[in-house]
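**Student:** I'll drop the sequence and a predicted model, then ask my questions.
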Amino acid sequence: MTFASLGLIDPLLRTLEDLDYQTPTPIQAQAIPAILKGRDLLASAQTGTGKTAGFALPLLQTLTQQGSVVANNSVRALVLTPTRELAEQVLQSLQRYGEHLPLRSYAVYGGVSINPQMMALRKGVDVLVATPGRLLDLYRQNAIKFNQLQLLVLDEADRMLDLGFADELDQLFSALPPKRQTLLFSATFSAPIRQMADGMLRDPLMIDISPRNSAIASVEQWLVPVDKKRKTELFLQLLAERKWPQTLVFAKTRKAVELLLEAVQAQGVNADCIHGDRPQPSRLRALECFKNNEVSMLIATDVAARGLDIPELPLVINFDLPINAEDYVHRIGRSGRAGASGEAISLVSADEVRQLAAIETLTQKLLERREQIDFAPEHRVPETRVGGQLIKKPKKPKKPKTYGGKGKTHLGNWFDQS
């Protein structure tokens, strides 16, 4: 199969040839023809399998072939993303794929001044990439209109539809024209998310390229049990022993990110960080330096877990396990992209065993445990089994107390709260 056989126009084929895209991935092979036919779509595929091109190429072709002139403060296609970094990345992809097309793309997100964005929207844009909060701000200030909107894409749709974005999305959807083509793309779709999507889509085509919510097979996954208070010490020792190459590290909180950054920089490691408290220009600069190998380690919260394409990233470290099991799949999916091999190491303490069990249940994979000499935890990480269920030893019932003489049994605390 070739991209030409999918029905793509010559300007896009010329760009794909320049980018050395030779064969469509499975998600591209199924999604592109369906989108060109005007179908609504719910598409699920593992990370690193080309989902962005799967919706960007047919979207650009549809807008080009329709040839409409975009009005002032208007937009013809809208791509919603959960993070600012992903918005920038999707914009770069659209601009790269649309190099030979007469279309204008732009991105809006929070963390930067809104005034330049309002100015840029005055002449209208063909494709707008946006985070929900900033898009709502622009809509409320009459800086954008949706009269011409034809296509709506939710990238990383499971995160877009979770409770954190529900109110903003409800307000946005009420402002969008009901007659539109809607595309939902992600690596993970829970059953509740699929149910919610049913109300948004018209006779959608369902595409599941790989087992639902599965981690990519090319990433080797294992964990190290360790006491929470010794995680940093273990991390630094592994770093010194293994001399890790380019490494993406995930921690649960902004404070944990900053503390770990200080620790590794004190060891002479060229590192930077991304979290929600950093100004957006600093976040983008840190990510760009990491992609260009100007820094060898990037420490981040889950703002960097979704959709970011870091070519040939060999290693992901989970300093802390994520609260949501789906985020684990997205985290480790930063490695092993486009068929390359990768590795994902998790440092797991006893208080994270339920998160571990949830991850193993979601992925249907029992993570290998590798003990590290001198770091055997005082607080043992309980064993799990395939499917992520905790192995619990049954409690022995308390024996009733007996008293001599009359042969009577004293029940005492036999019926406890458990």
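**Tutor:** It's in. Because the structure is a prediction, the values reported are computed rather than measured.
**Student:** just the helices in this protein please.
**Tutor:** 10-18, 26-36, 51-66, 84-97, 115-121, 132-140, 157-160, 166-175, 191-198, 231-242, 254-266, 280-291, 325-332, 353-363 (DSSP state H).
**Student:** which one of these lies closest to residue 78?
**Tutor:** helix 132-140 (7.9 Å; CB to CB). Any C-beta I mention is one placed from the backbone N, CA and C, and that applies to glycine too.
**Student:** can you give me the angle the closest one makes with helix 166-175?
**Tutor:** Relative orientation of helix 132-140 and helix 166-175, computed by axes from the mean of the first three to the mean of the last three CA atoms, to 10 degrees: 40 degrees.
**Student:** who's in contact with helix 132-140?
**Tutor:** Identification of contacts with helix 132-140 by CB atoms under 8 Å, 6 or more residues apart in numbering yields 78, 80, 108-110, 114, 117-118, 121, 128, 144, 146, 160, 165, 168-169, 171-172, 175.
**Student:** now do 6 Å
**Tutor:** Applying CB atoms under 6 Å, 6 or more residues apart in numbering, the contact partners of helix 132-140 are 108, 109, 110, 144, 165, 168.
**Student:** show the buried residues in those residues.
**Tutor:** 108, 109, 144, 165, 168 (16 or more other CB atoms under 10 Å).
**Student:** got TSV for the residues you listed, with distance to residue 28 and pLDDT too?
**Tutor:** Converted to TSV, the buried ones among the contacts of helix 132-140 look like this (distance: CB to CB, whole Å; pLDDT from 0 to 100):
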residue	distance to residue 28	pLDDT
108	27	96
109	26	93
144	30	96
165	27	76
168	30	86
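**Student:** which ones among those lie within strands?
**Tutor:** Judged by DSSP state E, the buried ones among the contacts of helix 132-140 include residue 108 as members of strands.
**Student:** relative to residue 335, which of the buried ones among the contacts of helix 132-140 is nearest.
**Tutor:** residue 109 (25.4 Å).
**Student:** residue ranges with poor pLDDT in the stretch 201-350 of the chain?
**Tutor:** Applying pLDDT under 70 to the stretch 201-350 of the chain flags residues 210-217, 306-308, 336-340.
**Student:** please parse this protein into its domains.
**Tutor:** In the domain annotation for the chain, the residue ranges read 4-208, 219-369 (automatic domain parsing).
**Student:** need the ones you listed in a markdown table with distance to residue 385, can you?
**Tutor:** Below are those laid out as a markdown table (distance: least, CB to CB, whole Å):
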| stretch | distance to residue 385 |
| --- | --- |
| domain 4-208 | 22 |
| domain 219-369 | 7 |
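**Student:** mind checking the ones you listed for the one nearest to residue 383?
**Tutor:** Evaluated with CB to CB, these place domain 219-369 nearest to residue 383, the distance being 8.7 Å.
**Student:** ok, residue 382 touching residue 354?
**Tutor:** No - Residue 382 sits out of contact with residue 354 when judged by CB atoms under 6 Å, with a separation of 9.4 Å.
**Student:** ok, how many other residues are close to the residue lying closest to residue 155 once chain neighbours are set aside?
**Tutor:** Of all residues not flanking residue 155 in the chain, residue 81 sits nearest, at 5.0 Å (CB to CB, 6 or more residues apart in numbering). The tally of other residues near residue 81 (other CB atoms under 10 Å) stands at 27.
**Student:** for residue 81, what are phi and psi?
**Tutor:** Phi and psi for residue 81, reported as degrees, to the nearest 10, are phi -130, psi 160.
**Student:** hang on, the earlier thing: now, the most widely separated pair of the contacts of helix 132-140?
**Tutor:** Pairwise distances across those (CB to CB) peak at 18.3 Å, for the pair 144 and 165.
**Student:** follow-up on the earlier one: out of the helices of the chain, nearest to residue 223?
**Tutor:** helix 353-363 (7.4 Å).
**Student:** buried residues in the closest one, which are they?
**Tutor:** Buried positions in helix 353-363, judged by neighbour count with 16+ other CB under 10 Å: 353, 355, 356, 357, 358, 359, 360, 361, 362, 363.
**Student:** against residue 191, how distant is the third one?
**Tutor:** Spelled out, it's residue 356. Using CB to CB, to the nearest Å, we find residue 356 at a distance of 22 Å from residue 191.
**Student:** same thing with the last one?
**Tutor:** Residue 363 sits at a distance of 16 Å from residue 191 (criterion: CB to CB).
**Student:** stretch 189-205: end-to-end distance?
**Tutor:** From its first residue to its last, stretch 189-205 covers 15 Å (CA to CA, to the nearest Å).
**Student:** brain fart, stretch 69-86
**Tutor:** By CA to CA, the extent of stretch 69-86 from end to end equals 27 Å.
**Student:** let me see the mean pLDDT of it.
**Tutor:** On average, the pLDDT along stretch 69-86 is 92.
**Student:** list the buried residues of it.
**Tutor:** Those would be 70, 73-86, for stretch 69-86 by 16+ other CB under 10 Å.
**Student:** which among those gets closest to residue 156?
**Tutor:** Using CB to CB, the buried residues of stretch 69-86 come closest to residue 156 at residue 82, 5.2 Å.
**Student:** now the phi/psi pair for the closest one, please.
**Tutor:** With angles defined as degrees, to the nearest 10, residue 82 sits at phi -80, psi -20.
**Student:** off-centre distance for stretch 123-141?
**Tutor:** Chain-centre distance of stretch 123-141: 22 Å, with CA atoms, centre = their mean, to the nearest Å.
**Student:** would you mind writing the CA trace of that stretch as CSV?
**Tutor:** What follows is stretch 123-141, C-alpha atoms only, in CSV (Å, rounded to 0.1, in the frame of the first residue of the first chain):
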residue,chain,number,x,y,z
LYS,A,123,-7.7,37.6,9.1
GLY,A,124,-9.0,34.2,9.9
VAL,A,125,-7.2,30.9,9.8
ASP,A,126,-8.0,27.6,8.0
VAL,A,127,-6.8,25.3,10.8
LEU,A,128,-6.6,26.4,14.4
VAL,A,129,-5.0,24.2,17.1
ALA,A,130,-6.1,25.2,20.6
THR,A,131,-6.3,24.3,24.2
PRO,A,132,-9.9,24.6,25.5
GLY,A,133,-9.4,27.3,28.1
ARG,A,134,-7.7,29.8,25.8
LEU,A,135,-10.1,29.1,23.0
LEU,A,136,-13.0,29.9,25.3
ASP,A,137,-11.3,33.2,26.3
LEU,A,138,-11.0,34.2,22.7
TYR,A,139,-14.6,33.2,21.9
ARG,A,140,-15.9,35.2,24.8
GLN,A,141,-14.0,38.3,23.6
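**Student:** much appreciated, bye for now.
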